[in-house]
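*Asks:* Predicted structure and sequence below. I'll ask about it afterward.
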Amino acid sequence: MGRDLDEARPGHPIAADPRDVRVLELPFGVRDGTFSIGNYTARTQFYQTRHGKAVIGGDLSRVSERRVKAIRQQPMLNALIDLSEGKTLAQSTVDALGEDGAEFMARSNIGYVVVDRERASPELTQFAARTLQLEELESDASTVLYRPAEAGTISRR
């Protein structure tokens, strides 16, 4: 497993949070049995079963081309996928998304972002922390746990 910062341990902020919020794990991606976009790991679903929160992205049995196109049409998700694949973003894209980070977090109801240091590039980590306006809660050698800096902007479902 290699992660000391176990999202599912009793008392961990994600597992203990009573809110109906979502978790974004970086690198980010979506895959099914025939293709993959981004850089998804099944560990995300393992932790989801333990902490009980919905996650952004994941491994599904079938993902239609229409769904992939819809994901790619969301500028923030598309940027996270590209960065998760090791691609570089144009500065104009970074600038445009910089103004949408907090709104994206609130609109997507994301309460936590988990960064796998072993798999996420420094560019992805820096982009997410800055653009999504994250504050670090805790970290260990392989994982960093963030939450939105403006926790009050998270909508409750």
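*Replies:* Here it is on my side, so go on. Residues are numbered from 1 along each chain as shown.
*Asks:* Could you give the number of residues near Arg130?
*Replies:* Residues lying near Arg130 (other CB atoms under 10 Å) number 13. (C-beta placed from N, C-alpha, C; glycine too.)
*Asks:* Quickly note the distance from Ala16 to Ser108.
*Replies:* 21 Å (CB to CB, to the nearest Å).
*Asks:* What segments of this protein are strands?
*Replies:* 22-26, 29-31, 36-38, 54-55, 58-59, 110-116, 134-139, 143-148 (DSSP state E).
*Asks:* Mean neighbour count and mean pLDDT for those strands - can I get that in a markdown table?
*Replies:* Formatted as a markdown table, the strands of the chain follow (neighbours: other CB atoms under 10 Å; pLDDT from 0 to 100):
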| stretch | mean neighbour count | mean pLDDT |
| --- | --- | --- |
| strand 22-26 | 24 | 91 |
| strand 29-31 | 20 | 68 |
| strand 36-38 | 18 | 59 |
| strand 54-55 | 16 | 72 |
| strand 58-59 | 17 | 50 |
| strand 110-116 | 23 | 93 |
| strand 134-139 | 15 | 93 |
| strand 143-148 | 21 | 92 |
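*Asks:* For Thr88, which of these is the nearest?
*Replies:* When these are compared by CB to CB, strand 36-38 sits nearest Thr88, at 15.1 Å.
*Asks:* Just name the shakiest helix or strand of this structure by mean pLDDT.
*Replies:* Sorting the helices and strands of the chain by mean pLDDT, DSSP states H and E puts strand 58-59 at the bottom, at a mean of 50.
*Asks:* With distance to Met76 added, can I get the strands of the chain in TSV?
*Replies:* Output for the strands of the chain, formatted as TSV (distance: least, CB to CB, whole Å):
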stretch	distance to Met76
strand 22-26	10
strand 29-31	14
strand 36-38	13
strand 54-55	16
strand 58-59	17
strand 110-116	10
strand 134-139	13
strand 143-148	13
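*Asks:* who wins for proximity to Thr93 among the ones you listed?
*Replies:* strand 36-38 (16.1 Å).
*Asks:* OK, contacts around Leu97?
*Replies:* 75-76, 79, 131 (CB atoms under 8 Å, 6 or more residues apart in numbering).
*Asks:* I should have written Leu137 there, sorry.
*Replies:* Counting by CB under 8 Å, 6+ apart, the residues that Leu137 touches are 13, 112, 145-147.
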